[in-house]
Each structure stands twice: as structure tokens, then as C-alpha cells.
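Peer 1: All I have is the shape, not the residue letters:
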């Protein structure tokens, strides 16, 4: 029997020293649950996480931003609808749309915030079965050319934890057709659609590929022994989510050479 490392001692990869200079901002909103998990994922990938507060008025010198999962403002109005108006979001929107194209990743509630802020098209509504669902979910990588997926291969299947109640991605047929034609469907559910999302879409990007949103939680699949195993012989390992974070770090370091 293989002995598993203790929590806090697990090492997912041998981090490269050159990546440590990349600073990834992790935003906390009222109700955010997974900000520390996202920060830990950045650290395990070799980067430097920088905590950001929703009421901040400046981004500082971060090289990328993560909007983590949770239930910002309790989803009392609509998931992500209130957080969209946070002071820091205006800075993130401007930076993502600027010539610099700041990389932004929205996970679960962060994805909802990205749609509400119109950095990504479409919207998120309640799961078609109207229940909260938590499971390990197989995804297929459809686009490996975004800032957050360059360390994956197109067609690769990975297993990532999923937990949501407002996870059904919807958009009109014209928008869906455009996303497909432009290669902006980044992830698709495999084997089981857990929330009724149109065309099995699990994650999308903007046209430039610097902004990516998805419902599953890659930050929960970054440590050996503490992530999901492959499901029914498909999917990958318990560190399948780490590629999100190494991708953006390698993208940043490569761009700064």
C-alpha cells in the first residue's frame, strides 16, 4: 500500500524557480469559499498568489487574476450579479479588455461573475434537476490554446470536482453557434451532463483566449492523494487540475522573456 503524504506536505509538481516571479491575484468576495484553495493551487504550480479584496480599487502589479468559487453575496439576487459591481471588477474588466489582455480565470461562481460582467457571453441558471450537485466530473479539453489551457492537449480528458446549484450554462443559438465556430468552447462534459448546460458546455473563453470560465473546480485537483481518481477508466489523475495554473504561469513567464 502506497503511503499518502500528510495534508500540507503533499507536493504536486517540482515547481520551477523561474515561475515564482509570476503573481496571480485571487479575489475574495463576501461569500467566496475557495479563495485559499485557489491560492494554494497557484503556490503548488510554482507561482506567487496575491490576495485581492473585492472592494480594492487597484489591481496592483498582478500578472493574472482568479475569481474563485463560492456563493458571493449568498446568490441572493442572482449568482454573480452583485459581485459584478464590486469596485475591483471594473479594474479587472478594463485590464482583461486592454491591449495587455490580462489573463482571468473564473471558477464556478467566478464563471457566473464573468457572464454577469459580460467578459463572457451567455448566462448561468439553476441546474435542470433543481438540486445542488457535488461529484467528480470528466471533462474533455476542446481548446488548448487559451492562457489557462496551454499545458493540456486538445481532446484530452481530465477529471475535475464539480459542485454547484446554478451550473446550467445557457445562451441563444446564435451565440452557441459562434462559440463553436470560433473554438471558444474550452471544456465539455463527458459521459454525463450534470446540470443541463447547452451542448454539454462546461467552460468557454473570450475571443482573445485570455478570459476563461468553467463550472468545475480545478483547484481541488492539484495534489497527489487528495484529488479525484479517474472515473470508469476515463479521465486522468488526482492532479488533473494543476494544468490550469501551470499554463498561465508558463504563459506569463514566456511572455516576459
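Peer 2: Done, it's in. Fair warning: this is a prediction, and the values are worked out from it, not measured in the lab.

Peer 1: All the helices of the protein, residue numbers only.
Peer 2: Remark: helices of the chain, listed N- to C-terminal, are 35-45, 87-97, 109-116, 173-181, 242-255; assignment by DSSP state H.

Peer 1: Please work out which residues outside the shortest one touch it.
Peer 2: Taking contacts as Cβ atoms under 8 Å, 6 or more residues apart in numbering, the residues outside helix 109-116 that touch it are 27, 29, 31-32, 66-72, 75, 78-81, 83-84, 89, 104, 106, 120-124, 166, 203, 211, 213-215. Yep, even glycine has a C-beta here, placed from its N, CA and C like the rest.

Peer 1: Please list only the buried members of those.
Peer 2: Burial by neighbour count, judged by 16 or more other Cβ atoms under 10 Å, picks out 27, 29, 31-32, 66-72, 75, 79-81, 83-84, 89, 104, 106, 120-124, 166, 203, 211, 213-215 from the contacts of helix 109-116.

Peer 1: Those in strands, which ones?
Peer 2: Of the positions in the buried ones among the contacts of helix 109-116, 27, 66-67, 104, 106, 123-124, 203, 211, 213-214 sit in strands, assigned by DSSP state E.

Peer 1: Low-confidence ranges, the stretch 101-250 of the chain, go.
Peer 2: Applying pLDDT under 70 to the stretch 101-250 of the chain flags residues 229-236.

Peer 1: same thing but 90
Peer 2: Low-confidence regions of the stretch 101-250 of the chain, defined here as pLDDT under 90, cover residues 224-238.

Peer 1: and the nearest residue to residue 30 once chain neighbours are set aside, what is it in contact with?
Peer 2: For residue 30, ignoring the flanking residues on the chain, the nearest one in space by Cβ to Cβ, 6 or more residues apart in numbering is residue 73 at 5.7 Å. When contacts are counted by Cβ under 8 Å, 6+ apart, residue 73 touches 29-31, 82-83.

Peer 1: Can you tell me which of the residues you listed is closest to residue 56?
Peer 2: Nearest to residue 56 among these is residue 29, at 11.3 Å by Cβ to Cβ.

Peer 1: OK, contacts around the closest one?
Peer 2: Shown here is residue 29, whose contacts under the criterion Cβ under 8 Å, 6+ apart are 54, 70, 72-73, 83, 86, 109, 113.
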